[in-house]
Structures are given as C-alpha cells and as structure tokens.
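# Okay, sequence plus prediction incoming.
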Amino acid sequence: QVFFSAAQIEHLKRCFDDMIGITSSSSGVHPSMAKVLLGVFNRVEDIGGDIGREKRRRPGSRTWKDSTENTLFLD
C-alpha cells in the first residue's frame, strides 16, 4: 500500500484547482493548453470512473453449491 502525505494531497488539490480555474476564465484558453488539459481531464475521468464503478460493485453471493474443495475455505 502507498500512503500520501497531507502536504502532497494539498499540493495536488491546489494544482487541480488551478487547472479548473484556468478552464473557467472569461478570456478562454490557448488551443495547445486546451489540448493538454483535455488529456489530463480525460485521464482523471477514466480513473475516477473506474474507482466509482469498483465502489458500486457487488460481489456475487456465495452458496454451498458454488464451493469446491479449492474454494470452500477461501472466505
């Protein structure tokens, strides 16, 4: 397992807030900056979607019939 320090988390939050702030500016964003930001946001969306999907996943219920001599004692 990997644990992040509070300073690292705060730094990442500030960086992400800065990226969000740039996208909502009234003057718009330079096309090359927009391309980079879209790549970052798409990647964040992919990872966040995977995490959210995993949190909502329900494992199948275990019954006596689906257990074998190999899986009976794995619970």
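All right, it came through fine. This one's a predicted model, so the numbers in the text were calculated from it and none came from an experiment.
# Residues contacting stretch 32-39, please?
Outside of stretch 32-39, the residues within contact range by CB atoms under 8 Å, 6 or more residues apart in numbering are 19, 22-23, 29. All C-beta spots, glycine's among them, are computed from the backbone N, C-alpha and C.
# Of these, which is the nearest to residue 47?
residue 19 (15.1 Å; CB to CB).
# okay, now that closest one: neighbour count?
For residue 19, the neighbour count with other CB atoms under 10 Å is 15.
# can you tell me which helix in the chain is longest?
Counting residues, the longest helix in the chain under DSSP state H turns out to be helix 31-56.
# What's the mean pLDDT across that helix?
Average pLDDT, helix 31-56: 83.
# before we move on, back to that, format the contacts of stretch 32-39 as TSV; extra columns: secondary structure.
Formatted as TSV, the contacts of stretch 32-39 follow (DSSP: H, G, I helix; E, B strand; the rest coil):
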residue	secondary structure
19	helix
22	helix
23	helix
29	coil
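# That'll do, ta.
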